[in-house]
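Novice: Mind folding the following:
(4 chains)
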Number of protein chains: 2
Amino acid sequence: MDAYEIQSNLLKALSHSTRLAILDILRDGEQCVCHMEATLDLRQAYISQQLMILKQAGLVETRRDGLNLYYRVIKPEIFAVLDSLPAVTGVRAKPPRHKHANANCPCPKCSVARNLPLEGVRVNNQG
Amino acid sequence: MDAYEIQSNLLKALSHSTRLAILDILRDGEQCVCHMEATLDLRQAYISQQLMILKQAGLVETRRDGLNLYYRVIKPEIFAVLDSLPAVTGVRAKPPRHKHANANCPCPKCSVARNLPLEGVRVNNQG
DNA sequence: ACACTACATTCATAATTATGAATATAGGTG
DNA sequence: CACCTATATTCATAATTATGAATGTAGTGT
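Specialist: Okay, here's the model as predicted:
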């Protein structure tokens, strides 16, 4: 496989809007699948498929913590690739933001972000 | 079409080894189709197809000069995209070089580069 | 061991892309 | 206008990708 094929394979792995969104989510560091599911509002199986493609391309890795699998980018250099696109296209995506209020993502990060009491802890309900 | 789709469309236009090679050829400025044909050793119709894809993606433009059509990149920013790839892949393609000695590309640039006498001009043949 | 949770995989098919072969066209020249 | 050259387009099909539906599996708690 010559250099151009290798580069084009990388580009193919990147050239999908869902995968671009996933990578943007991973800019802030590792995130679990359920987080992406809630953020992108897409089916879990679908996201998993896209994650597999990124994994096979050698762009992401996983870490298990209990039930949750956390994905992270292992080639931060791809962000330089992504960041070079707006100069060509003239558009810049604003990273998808998980609306914690509506989502019911059970992963630790989201529970905290949502400012919900942790299990077993109770705050006084006013109303 | 949202920003991610636009970006992924650009990436799709780039994610093909022949098109990457064509763009590298165009780094030095405009080139005619016959030049690419000789350089890449690919059929004319095939190259023309790839050029159409680059054109539809808004990356290249043409200029006619007599019989020859010269293609040039109109978004030099794409070179920044291409240049960001080696850091991820670890490989760097060396731009395809047209071997003037073997090729018989009739375009002006190539004739000159080959150091051949122009039409009608004769140098003394030794032998 | 059982049930549940978080995630992965397989299967099927629709959609798109890749690419060769053949043919068309536009511009130039005599 | 007839013909040549450089390039484009159309057609057909193989190959790949996209994506939903269904199902499988590993880890966790009881």
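Novice: Let's verify A:Ala13: helix, strand, or coil?
Specialist: Under DSSP: H, G, I helix; E, B strand; the rest coil, the three-state class of A:Ala13 is helix.
Novice: Find the residue closest to it in space, skipping its chain neighbours.
Specialist: In space, and not counting its chain neighbours, A:Ala13 is closest to A:Ala57: 3.5 Å by Cβ to Cβ, 6 or more residues apart in numbering or on different chains. Every C-beta, even on glycine, is put in place using the N, C-alpha and C of the backbone.
Novice: got the residue ranges for the helices in chain A?
Specialist: Using DSSP state H, the helices of chain A run over residues A:3-14, A:17-25, A:33-40, A:44-56, A:77-83, A:86-89, A:108-113.
Novice: Which one of the ones you listed has the poorest average confidence?
Specialist: The minimum mean pLDDT among the helices of chain A belongs to helix A:108-113 (a mean of 65).
Novice: ok so, going back, got phi/psi on the residue nearest to A:Ala13?
Specialist: phi -80, psi 0 (degrees, to the nearest 10).
Novice: again with A:Val91
Specialist: According to degrees, to the nearest 10, A:Val91 has phi -120, psi 150.
Novice: right, so of the helices of chain A, which gets closest to A:Asp65?
Specialist: helix A:108-113 (8.2 Å; Cβ to Cβ).
Novice: re earlier: wait, doesn't the residue nearest to A:Ala13 sit right on A:Ser8?
Specialist: No. With contact defined as Cβ atoms under 8 Å, A:Ala57 does not count as touching A:Ser8 (11.7 Å).
Novice: who's more crowded, those two?
Specialist: Shown here are A:Ala57 and A:Ser8; by other Cβ atoms under 10 Å in any protein chain shown, A:Ser8 has more neighbours (22 against 18).
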